[in-house]
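>>> give me a 3D structure for the following:
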Amino acid sequence: MTDRSRLAEALRVKISGNIRSSSPSSPLTGREIGKLVMFGYRERKRDNESPEPGRRLNTSYYYADERRRQNERRERITERATALRNEAAKKRARKRNWTWTIVKWSSIGLLLFLILAYISLPSELCSDVDRHANLTGLEKVLKESVFGQHLVVETAFRLVKAHVKNPHPVKPLVLSLHGSMGNGKNFVSTIVADHLFPPKSRFVHKVIVSLEFPYGDRTREYSEGLRRRILDAQKSCEKRQLFLFDEMDKIPPDVIDSIVPFLGRHAGDVDGIDFRHSIFIFISNAGGEEINHSVTEHYRATKPRESITMLQMESVLNGLDLNSVWYEPLVKASVIDAFVPFLPMERRDVLFCAKEDMKRKGHRYSNLDLEKIADNMLYFPDDLKIFSVSGCKKVSSKVDLVMG
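This is a model prediction of the structure:
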């Protein structure tokens, strides 16, 4: 083995041992130790070549100078080792930073993916339909918020409750709400929807006839579109859907015919879709004048309003000429479960409506303010002026007018 080889091996062993023992947490790799050995060899070679030739003759001076050079060389090697160690630590830090950057952005990407996936999911699931039904709250709100409509509160709640609780209904629940404007038909249908489904539910479908079917010469197109719309909605969840049809007295006859198959006893299989758990509510002003006349005569006979019965009102609606009403196809098919009459509202009911509107708007009011609001409404008949012409429909605007 040559002097160069022996020196390199000695330096390798010595430097490797010193560095590993002095810094066990950051040991140099074999490649870095090799660089350090070569650096030490070059330093030793340079030192051997640096003394002047004559100075080697003085032995004591030579050894003292050799020790000095060894110490300097050792310091340079240690500095070099430190530099290599620092460089290696920086490389590892950069590697860790890149690893952390990859993990960080991967995590952010995964989070964004999960958020987008959650947003794309339906806002409510079909399996949660039964969980949202709040029949106790429905009864409470109907009794507390619907004024002057004892038949509606009793009939609507009982039928809805029975249908929702029935695990095997034979047909959908079909309610037909009748009465003049402002007596609470849309208000009650909204209360029913709010207590069977969450807000803005995808299982509640409202059709305003005058807006969706304005042209009488396009009834075939309307019929096919409405049929497909109902089928697609029901297919998304057969557990329960709520279909609200407003202004039914304006619906084209051919369009109403397209709805009939969904309402009867064969609704358990319409194009392979089960409609029996769903609810259909039809709203119209049809029969409103007849109901008003019957209630007025009842009042003239000095009978209490609460003594009016469902049978009495159903006889009024059934006594209409079927050829002149929109629901003729439904009556002939015997699919309507109940005609729900909305009675004309008396002055006292208007006062209740005004009071609730005041509370909702945060007004401080007195009985005199309520009377002023009631005085701004129109009433019929002319000789009695007991029933509001527009029900409670215009109460909110009258509140704004009186209270400023």
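>>> which parts of the stretch 301-404 of the chain are strands?
Ranges of strands in the stretch 301-404 of the chain, per DSSP state E, counting those that start in this stretch, are 338-341, 379-380, 387-388.
>>> deepest of the ones you listed, which one?
strand 387-388 (a mean of 25; mean count of other Cβ atoms under 10 Å). In short, each C-beta sits where N, CA and C put it, glycine included.
>>> which other residues reach it?
With Cβ atoms under 8 Å, 6 or more residues apart in numbering as the test, strand 387-388 has contacts from 182, 292, 295-296, 344-347, 349-350, 377-381.
>>> can you say which of the strands of the stretch 301-404 of the chain is nearest to Leu173?
Of all these, strand 338-341 sits nearest to Leu173, with 8.9 Å by Cβ to Cβ.
>>> so Phe245, which state does it fall into?
strand (DSSP: H, G, I helix; E, B strand; the rest coil).
>>> thought it was touching Ile281?
Yes: with contacts counted by Cβ atoms under 8 Å, Phe245 reaches Ile281, the gap being 7.1 Å.
>>> quick one: closest of the strands of the stretch 301-404 of the chain to Phe213.
For Phe213, the closest of the strands of the stretch 301-404 of the chain is strand 338-341, at 22.8 Å, according to Cβ to Cβ.
>>> send the alpha carbons of the closest one over as CSV?
Provided in CSV are the C-alpha atoms of strand 338-341 (Å, rounded to 0.1, in the frame of the first residue of the first chain):
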residue,chain,number,x,y,z
ALA,A,338,-112.1,16.4,0.2
PHE,A,339,-113.3,19.8,-0.9
VAL,A,340,-111.9,22.2,1.7
PRO,A,341,-114.0,25.3,1.9
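>>> which residues in the stretch 51-200 of the chain form strands?
Using DSSP E, counting those that start in this stretch, strands in the stretch 51-200 of the chain cover 173-178.
>>> just for this protein, where's the confidence low?
1-37, 39-66, 117-123 (pLDDT under 70).
>>> swap in 50 and give it another go.
Along the chain, segments meeting pLDDT under 50 span 7, 19-25, 53-57.
>>> so what's Phe380 bridging to?
Listed by DSSP bridges, the beta-bridge partners for Phe380 are Phe387.
>>> got the strands of the stretch 301-404 of the chain as a markdown table, with distance to Leu322 columns?
Listed next are the strands of the stretch 301-404 of the chain as a markdown table, based on distance: least, Cβ to Cβ, whole Å:
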| stretch | distance to Leu322 |
| --- | --- |
| strand 338-341 | 13 |
| strand 379-380 | 27 |
| strand 387-388 | 27 |
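>>> tell me which other helices or strands the helix ranked longest in the chain touches.
Taking DSSP state H as the criterion, the chain has its longest helix at helix 59-120. Here helix 59-120 touches helix 3-22, helix 30-49, going by 3 or more Cβ pairs under 8 Å, 6 or more residues apart in numbering; DSSP states H and E.
>>> now do that helix: distance to the chain's middle.
A distance of 50 Å separates the centroid of the chain from that of helix 59-120, by Cα atoms, centre = their mean, to the nearest Å.
>>> please begin residue numbering at 486 from this point
Sure, I'll start numbering at 486, so the last one becomes helix 544-605.
>>> name the residues that touch stretch 741-751?
With Cβ under 8 Å, 6+ apart, stretch 741-751 has contacts from 655-657, 659, 708-709, 711-712, 715, 719, 733, 752, 755, 760, 763, 765, 811-812, 814-815, 818-820.
>>> repeat that for stretch 637-656.
Stretch 637-656 has contacts (Cβ under 8 Å, 6+ apart) with 618, 620, 623-624, 627-628, 631, 658, 660, 662, 669, 673, 677, 681, 725, 748-750, 752, 761-762, 764, 795, 820, 822-823, 825-827.
>>> can you pull the buried residues of stretch 675-685?
Residues of stretch 675-685 classed as buried by neighbour count (16 or more other Cβ atoms under 10 Å): 676-683.
>>> same question for stretch 620-637.
Buried residues in stretch 620-637, counted by 16+ other Cβ under 10 Å: 623-624, 626-627, 631-634, 636-637.
>>> related to what we said a few turns ago, list buried residues within the contacts of stretch 741-751.
656-657, 659, 708, 711-712, 715, 719, 733, 752, 755, 760, 763, 765, 811-812, 814-815, 818, 820.
>>> who's the spatially closest residue to Ala678 that is not a sequence neighbour bridged to?
Of all residues not flanking Ala678 in the chain, Val689 sits nearest, at 5.0 Å (Cβ to Cβ, 6 or more residues apart in numbering). Beta bridges link Val689 to Leu727 when assigned by DSSP bridges.
>>> which ones are touching Val689?
Residues near Val689 by Cβ under 8 Å, 6+ apart: 678, 682, 726-727, 729.
>>> ok, so of the residues you listed, who is nearest Arg703?
Each of the contacts of Val689 was checked against Arg703 using Cβ to Cβ; the closest is Leu729, at 22.2 Å.
>>> the closest one: how many residues sit nearby?
Look at Leu729: counted by other Cβ atoms under 10 Å, it has 20 neighbours.
>>> distance to Leu853 for the contacts of Val689 - can I get that in a markdown table?
Formatted as a markdown table, these follow (distance: Cβ to Cβ, whole Å):
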| residue | distance to Leu853 |
| --- | --- |
| Ala678 | 37 |
| Phe682 | 41 |
| Gln726 | 47 |
| Leu727 | 42 |
| Leu729 | 39 |
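>>> okay then, goodbye and thanks.
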